[in-house]
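J.: below is the sequence, then the predicted model.
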Amino acid sequence: AQSVTQLGSHVSVSEGALVLLRCNYSSSVPPYLFWYVQYPNQGLQLLLKYTSAATLVKGINGFEAEFKKSETSFHLTKPSAHMSDAAEYFCAVSFSSNTGKLIFGQGTTLQVKP
Amino acid sequence: DVKVTQSSRYLVKRTGEKVFLECVQDMDHENMFWYRQDPGLGLRLIYFSYDVKMKEKGDIPEGYSVSREKKERFSLILESASTNQTSMYLCASSRSTEEAGAQYFGPGTRLTVL
C-alpha cells in the first residue's frame, strides 16, 4: 500500500540552526510530493510542491526540499530556523494528477528555542 | 487569493444529532475535499468531489455523507453524531490539473460531540 512516513513527531532546534524534517514514501511510481505547514488554530498552507520538474524545490519562507528517487525521500530543510517557523509540518503525496487525492504523513511538530 | 471558508470554527453537538458542516470556495475549483485531523494520525480523507454532484469515498467515509449541489459549496453531513466523531474537520479545494495536489484549506471546524 502507498504510504507516507515522517520520522520524528517532534523536532526541536535552536533559533538560527538548521531545520531538517524527514519524509519518506513507499511507492514504485514516483508521486507528486508536497509539504504543508499548519500554524496554531489555522488550516494547512502549502509550503512547496514537487511535480516532476527540478528535484530541488524552493518554497515559501526560505524552505526547500529535495526529491531523491533512489531513497524515496522528500526531506524539508531550512538553513536557519526562525521563531516564527514553530508549527506542525505535514508531508503529503498524490498519485493522481487530476483529483489530487493526497495521502498525508502523521505530521512533525517543530519547536524553535530562543 | 483563494479563499476557503467553513461555516463554524467551533461546534458542540449531542450524540445522535444530525450535523452539517459547510465549506465554500471562491476560486472556481473543480475538486473539493473533507478531512478529519486527529493528533498522531495526521489528516485522513473522508470524501472528495471532483465535480458538481460527483463524490468519491475517501479512507474513512463510515458515518459521513456529503453533498455538492453547486461548484463552490461542499457539505459534510454526520447523519447521527457519535462521540468518536469529535475531531477537527478541514475542508480543501484544488484545480483539476496536474497541480491538483496543491490544495487550499479552510481554517477548520473543531467539532465536539457530547
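T.: Looks like it came in fine. Quick caveat, the model's predicted, so the values are computed rather than measured.
J.: for B:Asp1, give me the pLDDT.
T.: Listed pLDDT for B:Asp1 reads 67.
J.: try B:Glu99
T.: At B:Glu99, the pLDDT value in this model is 74.
J.: who's the nearest residue to B:Gly101 once chain neighbours are set aside bridged to?
T.: The spatial neighbour of B:Gly101 that comes closest, neighbours along the chain excluded (C-beta to C-beta, 6 or more residues apart in numbering or on different chains), is A:Ser94 at 3.6 Å. No exception for glycine: its C-beta is placed from N, CA and C like everyone else's. Beta-bridge partners recorded for A:Ser94 (DSSP bridges): A:Tyr32, A:Leu102.
J.: what's the answer for B:Leu90, then?
T.: Counting by DSSP bridges, the residues bridging with B:Leu90 are B:Tyr35.
J.: quick one, what contacts it?
T.: Applying C-beta atoms under 8 Å, 6 or more residues apart in numbering or on different chains, we find B:Leu90 in contact with A:43-44, B:34-37, B:43, B:105-106, B:108.
J.: I'd like those as TSV, with neighbour count, distance to B:Phe74 and pLDDT appended.
T.: Shown next, in TSV, are the contacts of B:Leu90 (neighbours: other C-beta atoms under 10 Å in any protein chain shown; distance: C-beta to C-beta, whole Å; pLDDT from 0 to 100):
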residue	neighbour count	distance to B:Phe74	pLDDT
A:Gly43	21	15	89
A:Leu44	28	16	94
B:Trp34	23	7	97
B:Tyr35	28	12	96
B:Arg36	22	14	96
B:Gln37	21	17	94
B:Leu43	26	16	92
B:Phe105	23	13	95
B:Gly106	24	10	95
B:Gly108	23	14	95
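J.: for A:Gln6, state which of those residues is nearest.
T.: Nearest to A:Gln6 among these: B:Leu43, at 12.2 Å, using C-beta to C-beta.
J.: which SS class is the closest one?
T.: Counting by DSSP: H, G, I helix; E, B strand; the rest coil, the backbone at B:Leu43 sits in strand.
J.: and the residue in chain B positioned nearest to chain A, how many neighbours does it have?
T.: Relative to chain A, the nearest point of chain B is B:Ala100 (2.7 Å; C-beta to the nearest C-beta). By the measure other C-beta atoms under 10 Å in any protein chain shown, the count of residues near B:Ala100 is 23.
J.: likewise for B:Asn31?
T.: B:Asn31 sits with 23 neighbouring residues when counted by other C-beta under 10 Å.
J.: bridged to it, which residues?
T.: Applying DSSP bridges, one finds that B:Asn31 bridges with B:Ser94.
J.: same deal with A:Phe67?
T.: A:Phe67 forms beta bridges with A:Phe74, as assigned by DSSP bridges.
J.: can I assume it is in contact with A:Tyr32?
T.: No: applying C-beta atoms under 8 Å, one finds A:Phe67 not in contact with A:Tyr32, separated by 10.1 Å.
J.: near chain B, which residues of chain A? Just list them.
T.: A:9, A:32, A:34, A:36, A:41-46, A:49, A:51, A:90, A:92-94, A:96-102, A:104-107 (C-beta under 8 Å from any C-beta of the partner chain).
J.: which of these are buried?
T.: Among the residues of chain A next to chain B, the ones that count as buried by 16 or more other C-beta atoms under 10 Å in any protein chain shown are A:32, A:34, A:36, A:43-44, A:46, A:49, A:51, A:90, A:92-94, A:97, A:99-102, A:104-107.
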